[in-house]
Each structure stands twice: as structure tokens, then as C-alpha cells.
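> have a look at this fold, sequence not included:
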């Protein structure tokens, strides 16, 4: 029986706590008497018969006819699936998308469907490479469809490949990949890692373009999303749902398939990374020392390669198929069943170790903008009701924050960092002054379409992702970060955690309470 | 000169001495080959010279291993019957080096008693290097199935060729029910496997190998249903291997559609005279119907 999440009050006998620092870690001693550590719930037991459960879900969907009844000879079938940003870290083969897509295609074959396209619904993310697509959908599906051009990445900048489906009453345009929009049936295969994923966000965001995304990927919407992980208080969610209504009324018939994973994040021998420190065995300690010491003497690029090769053992805890909103309601319950834990009261200082990966740097570099996005965009938003840190409080992250970018994946990030952040770090100012120029830049467009680059506007979206956190916090400190990178982000660098706590005391006083978020694995804090 | 009892006794002419049971053929004792020392020795042979030989002679490509992932994660001790089509003596080394852990080094191979165990030397070599045990093809007996069933119960996995022997002409032969019977008896899954290319490298009748490329395709594990007869299960195993063959020669989606339409090409070839069967076989090869051709790189249409 997995244990629920746990909030530890730090006392003098509490051992030092693991802090991620990108492709490395450190052990930090938190002040006794005023600190607490939030440990996420342990992984739920996965479903034993995964393939059987998938098949049963397809045959017994929610608020929809069984999938075989929706399939007929001569139809146009499009299967869209989540891109490389999910799950994190990538899961061990076979990926859930492969299992679901193979089950769907089995039914399609039985129904005599010939016209099938598979689309990686990546919105403005970078295109997936052949190896990444193979990992997601499996070699069998890849070899059957990709050579004929029937399995491909969504292209939001294809002038002939997008259609406008309509406009919401709030004036938000709704666009969709043309092939998906003109299909008799669009099946979306999703992996839900956090509560924000899935639902109408899958199709309204994953298969759309800048015209549609700008209506919710902006500072106003994201600042008003408290948090973006809480559907009832997320403006991002509401905007996607409005766009979803337009899709439902004027778009293709959709069959949504959503899956949830447990939080079994690290394979052997890295399991200790998810353990509570006082439960580490002698072997865990030896492994930690060996790993940490080796990583200290390993070039960052090698360390990155090692970490990005990690394939997580996480496995399916639920699958829902059918009508989008009904499916997503159940999916969210299943995400919460794994991740939700109660936390009482806010804190003055929230500490978080930033790991080597976020949704936008798979097989790539965690550049300073992504460090900000992971800390203030993702970890800060893992709450319901109230943020973990009080308004005006301090967030302390630990990450080396090198001044380093992947020029293939993140070309516009480099210019954003050099040109825009030198002018201002205010998301509203940046949006007004620079967003359109980056979004419509022909060179970025070319790199997005033909290379493996994130769209020109993507660094802005990352910055907006953290806008609620930036507005909420009195100060953000990065421990161990390269000072000039940290300052460019508008944050304060510190050499050690003790220095950071000293700096934080200027804002929150000497006896400030401290809360450490012991993630990954992920959690969702219900703060009362 | 030494006499009895220092020498063997002579037999009186009037007595017909009892025949000693043969120690070769299906009576060949192989238990020693499953001892820890023999397993270590075999592991060295398999991971060393055998893997190298397979690599040089057969350049194998292995697909479908992900289909075994659930079985693997359900517990390392689950024994499995691996059932493959059979073209060549190369099949066994190829499969032993292709079957993944945790089964590879806890695998026994059913080998023809009338071929591999006809002398002490070949029997010992087969038992040591392949962990083979004798299977009687010429006599109706339960000895081999009892032995195989006992090994499965003891946690050993089994590699078996349901056709009963190598293909004489490149086309498959009908599957015997032994595999299904064992699956029922030991309550273990059967993993169908399709092998392609070994017949051209060292097929029946060839005196020396001709190195080439091979493709090993693993299928999803099959469990015998509670109410299912061994005959029906045997048909399912054969159909699964045929579908894997279709998948290997075209692609997975085509194979699934063919299976759904009941149009999976038969592995046993056309019902025709000898030369037409041979001609049909070479036809596929000449057309290069194989998925091992690197896929053409796709660029977006701008």
C-alpha cells in the first residue's frame, strides 16, 4: 500500500535533505524548528493488465459509442498524440502512446479503415526526431506509417495546413490542423502527467497555432490562473474550454483517450532520489555519494547525456476514453488520486531543487529561461487553493543556471535572453514590445518548420508561465547559479543555501518559516 | 591374465543377456547441463563465441522485444515457451542470443533426439552449448513432454520449434500440438517468434553457411484460454507466427489489416508442385519485400 504524501517538520535530528541542482544534487541542512519538507505521495500500484484495460476502455467509452461503432470503411481517421514533452522523464518502452495507438489501429484494421494519419500534436514545440517518434509510437507503428508520410509532426506554420474553426464569444480564434479538422474521426491519445494536461487543451492547443494560442498564453491569463493546475481557478483552462466548445460545435468528431501515470519516476539504481532521506539504506547512501562525486567531476554535457538517457519505470494507473469533458473529469480525479496531498498553511520561504529536465528540454539543455519556467511556472503552480509560499514571500531554487542554450532547439531563446531580458523582465512589457516580432519572424518560422527548433514565440510563453509566481513573490534567489545568468533573469544569485536564507531574511525576517518541495516525483499541494 | 571378477563376466551361450538401455537418443541424460557449473560455462559460450558467430553470419535485427515487457515486469521467474518457425541450425544460436533476460540464461531447447543426440559427443556438445534436451520425433512417447513440462514447472523457459524440424523447401510445415499441450500442462504463456533469413544462410541441405541478414520478430505472449482446446490454441500460435511473418515482410499496419480481413499470407506456401513453390519463394525475395530497408527520410512539404 503506497504511503500518502508527508509533511515533515524539521528538527535537529532530521538528516540533510536532497536538493536537485540540474545534472547534480546536494544535501542541505534546513534550519530546525522553522522548516518543513513536503514529500510527495508514493507511486500507486499500476494496472496489472495494461493492454486488456486499454482494450476494455476503447470498447466501453464514457458518453460515447464504442470505438468500433465509430469506425467504418472509407472514413478519414486521424490519430493525434502528445509530443515529447510528456511524460517526464520519458517512459520505458513500450510507451503508453504506443500501446493505445496499437489497440486503436487494431480496431481500425478490423473495421476496414484505410485512410489513417498519425500526428504528433506539438503545437509550437519543436518537431520530434525519428528516434523520439519511434520511442513514442513504437517501431511497428513508425515503420508502417512514417515511410509513406502518414505519421508526421504537426506544423502550425503550414500556410495550407491549418483551418479556422470559429471564434469564441470572447473573441478567441480557434484553429486546427487541417487534416485533423477534416477527418471523420479525430482520436487524441494523451498522457496526463499533471492536472493541467489533457481535456480540450489536447486538441485546442496541441493541434492549433499562434493565432489561437495567443489568447490564453499571455501574462493576463496566466497571472489570473491560480493555479493553472486547478481547473476551477485557471483562466488558461477556461479559455481552452471555450475553444473546445467551438471545436465541438464546428470541428471533427473527437474521441479522447486519456491516461494517467503513477509517480514511479526513477529506475534502479536511482530509486533513492525519490526516497525519504532517513529511509536511505547503506546502498542508497553509497550510490548517492558515488553518483554525486562522479557528477562533480563529469563535464555537464556528459552528465546531461546520462540523465536524459534515464527511462522512467512509471506505469499506467488509469485510462479513460470517450467524450472529452467527461473523460477529463475522471482523468483529473485519477491525477489527484496519485498526486494530491494536504498541506496546512503557507510559508515565508519556499525552496525547490530544480532537476535536469522540464517539458521543453528533453534531450537538450536546461537554459536559464527554462530554469525560471520550471521553478516559477511548474513547481510554484503545483497547488490548489493557495500558493505554498505567502504573497511577498521568497522562492529559493537550486540550479547551476549556466549561460548555455541549445542553438538547434532554442534559437529564439538566445535572442530573447540577449535582446529582450536586457530591456525588461516584466512579462507585460515583453509581450507588448517583442512578442509579435518573434512570433512572426521568418527565420524562426523556418527553423521551427524544417529543423528542430521551438517556435519563435516560445520563450515568451515560458516567461509568461512564471508570471504568476513572479508577481506573487517578493524575491527569487537561485543558489549555485551562474551570477550573470541569474541577474539577467532578474533574480538574486547566492553561493550557498545559508547565504540565500540570509538574503531572504531581508524580505521575510529572521525567523521566517521555510518549506522545501521534495520533487520530483510530482505532487499537488492542497494548501489550507 | 586377469579374469573375472577383475574382468567382465562372459555370458553363457544358452543365456540371452538383457539389453542395456541406450544412453543416447531420447535417453540421453542432460540434467548435468543444468547444473550451476554448466550454466556458467554455457553463459561464457553464449555471450562470447556464439554471439560473435551469430553477428558475423546472420547480422540479426530484432523487433518486438517491447511486447515482452509486461511479462518481464510481472516477475523474473515466469517461465515462457518460445515457439518459432524453423529453417536452419542457425535458428537456435540466433534465438538464444536474441531472447532477452531474464529468460536467456534459463532456457532449454527441445532438440531432435534422432539428430542431435545420436552420439555421446554431439549430445554432450548440444546439451552444454545449447542446453538442449532430446525430443523424440520418431516414437510416440510422453517422455519428452513430461521432461519439458517438468522443466517449465521448475522455472526453466523452453525454446521449441512446433514444426518439428527444419523446413525442407523454405516454406513452413504445419505446427504440432506439443507446444499448446505444454502451455496447458505448465500454465505458461507462449511467445510466438518469426525468423526470416536463416534458411538462406544455412538452410537444410547446405554444406557451408553463406552469411546474410536475418530478422527476428517477437510476438505478444499468448495464454491458453480456460475453455480452449490445445488444437485451437495451436492454430492461434501458428496464426500468430504467420502474422509476424506478414509484419516482417510488409509492416505492422498492413499485417493487422490482412489479419482482420483473414488474408494473412500462409507460411506454408502455395498448394502446388515443387518448382512453383520454390519459384514463389524466390519471387518475394527478388522483390525485396522486407522492412529492413531503411525508411526514406521525410521532410515537410513546404
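Nice, thanks for sending it over. Predicted model, so just to flag it, every value in this text is computed and none were measured.
> now residue B:51: how far from residue A:321?
From residue B:51 across to residue A:321, the span is 43 Å (Cβ to Cβ, to the nearest Å). The C-beta positions use only the backbone N, C-alpha and C, and glycine is treated the same way.
> tell me which of those two has more neighbours.
Set residue B:51 next to residue A:321 and count neighbours by other Cβ atoms under 10 Å in any protein chain shown: residue A:321 wins out with 26 against 15.
> so that one sits right up against residue A:70, yeah?
No. With contact defined as Cβ atoms under 8 Å, residue A:321 does not reach residue A:70; the gap is 10.8 Å.
> so what sits against both of these two?
A:64, A:255 (Cβ atoms under 8 Å, 6 or more residues apart in numbering or on different chains).
> residues touching residue B:110, list them.
Residue B:110 neighbours (Cβ under 8 Å, 6+ apart): B:132-133, B:135, B:144, B:148, B:158-161.
> strands - which of those land there?
Among these, the members falling in strands (DSSP state E) are B:132-133, B:135, B:158-160.
> which parts of chain B are strands?
B:60-63, B:81-84, B:107-112, B:132-135, B:157-160, B:190-196, B:214-218.
> follow-up on the earlier one: quick one: least confident of the ones in strands among the contacts of residue B:110?
Ranked by pLDDT, the ones in strands among the contacts of residue B:110 bottom out at residue B:135 (86).
> now residue A:236: phi and psi?
Phi and psi for residue A:236, reported as degrees, to the nearest 10, are phi -60, psi -50.
> let me fix that, I meant to ask about residue A:337.
phi -60, psi -40.
> and for the closest residue to it other than its chain neighbours, the neighbour number?
For residue A:337, ignoring the flanking residues on the chain, the nearest one in space by Cβ to Cβ, 6 or more residues apart in numbering or on different chains is residue A:44 at 6.9 Å. Residue A:44: 20 surrounding residues under other Cβ under 10 Å.
> three-state assignment of residue A:44?
coil (DSSP: H, G, I helix; E, B strand; the rest coil).
> next: residue A:438.
Relying on three-state DSSP, one would call residue A:438 helix.
> ok so, going back, mind putting the contacts of residue B:110 in a markdown table, neighbour count and distance to chain A included?
Formatted as a markdown table, the contacts of residue B:110 follow (neighbours: other Cβ atoms under 10 Å in any protein chain shown; distance: Cβ to the nearest Cβ, whole Å):
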| residue | neighbour count | distance to chain A |
| --- | --- | --- |
| B:132 | 25 | 32 |
| B:133 | 27 | 33 |
| B:135 | 25 | 32 |
| B:144 | 19 | 33 |
| B:148 | 24 | 27 |
| B:158 | 25 | 24 |
| B:159 | 25 | 23 |
| B:160 | 22 | 24 |
| B:161 | 29 | 24 |
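> can I get the residues you listed in JSON lines including distance to residue A:348?
Shown next, in JSON lines, are the contacts of residue B:110 (distance: Cβ to Cβ, whole Å):
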{"residue": "B:132", "distance to residue A:348": "71"}
{"residue": "B:133", "distance to residue A:348": "71"}
{"residue": "B:135", "distance to residue A:348": "75"}
{"residue": "B:144", "distance to residue A:348": "75"}
{"residue": "B:148", "distance to residue A:348": "69"}
{"residue": "B:158", "distance to residue A:348": "64"}
{"residue": "B:159", "distance to residue A:348": "65"}
{"residue": "B:160", "distance to residue A:348": "68"}
{"residue": "B:161", "distance to residue A:348": "71"}
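> does the helix ranked longest in chain B reach chain A?
For chain B, the longest helix by residue count, based on DSSP state H, is helix B:230-249. Yes. Against chain A, helix B:230-249 shows contacts by Cβ under 8 Å from any Cβ of the partner chain at residue B:247.
> what angle separates that helix from strand B:214-218?
Interaxial angle of helix B:230-249 relative to strand B:214-218 (axes from the mean of the first three to the mean of the last three Cα atoms, to 10 degrees): 130 degrees.
> can you name every helix or strand that helix B:230-249 contacts?
strand B:81-84, helix B:178-186, strand B:190-196, strand B:214-218, helix B:252-261 (3 or more Cβ pairs under 8 Å, 6 or more residues apart in numbering or on different chains; DSSP states H and E).
> relative to the whole chain's centre, how far out is that helix?
15 Å (Cα atoms, centre = their mean, to the nearest Å).
> before we move on, what about stretch B:252-262?
25 Å.
> could you do stretch A:113-131 as well?
18 Å.
> same check on stretch A:381-388?
16 Å.
> end-to-end on it?
Start to finish, the residues bounding stretch A:381-388 are 9 Å apart (Cα to Cα, to the nearest Å).
> kindly report the same for stretch A:290-307.
15 Å.
> what is the least confident helix or strand in the chain?
Here I'm looking at chain A. None of the helices or strands of chain A scores lower by mean pLDDT, DSSP states H and E than helix A:282-296, at a mean of 91.
> nope, chain B please
helix B:274-287 (a mean of 62).
> below-threshold pLDDT in chain A: ranges please.
Chain A contains no residues with pLDDT under 70.
> what parts of it come near chain B?
So chain A meets chain B at A:48, A:50-51, A:92-94, A:98, A:102, A:105-106, A:109-112, A:114, A:116, A:130, A:138-147, A:149, A:152-153, A:155, A:158, A:315, A:449-450 (Cβ under 8 Å from any Cβ).
> now, which of the residues you listed lie within helices?
Using DSSP H, the residues of chain A next to chain B in helices are A:50-51, A:98, A:102, A:105-106, A:109-111, A:130, A:138-145, A:449-450.
> okay, and residue A:118 sits in which element?
Assigned by DSSP states H and E, residue A:118 belongs to strand A:115-121.
> which of the residues in that strand are buried?
Under the neighbour-count criterion of 16 or more other Cβ atoms under 10 Å in any protein chain shown, strand A:115-121 has A:116-121 buried.
> quick one: residues in contact with it.
With Cβ under 8 Å, 6+ apart, strand A:115-121 has contacts from A:74-83, A:101, A:105, A:108, A:127-128, A:133, A:136-137, A:141, A:145, A:150-154, A:177, A:179-180, A:183, A:188, A:202-203, A:206-207, B:253.
> hmm, residue B:190 is touching residue B:84, no?
No. The criterion here is Cβ under 8 Å, and residue B:190 misses it with residue B:84 at 10.7 Å.
> okay, now residue A:133: neighbour count?
Residue A:133 has 24 nearby residues by other Cβ under 10 Å.
> skipping its backbone neighbours, what lies nearest it in space?
residue A:142 (5.8 Å).
> give me the low-pLDDT residue ranges for chain B?
For chain B, the stretches flagged by pLDDT under 70 are B:1, B:4-5, B:75-77, B:139-140, B:272-279, B:281-302.
> what about 50?
Counting by pLDDT under 50, the ranges of chain B that qualify are B:286-295.
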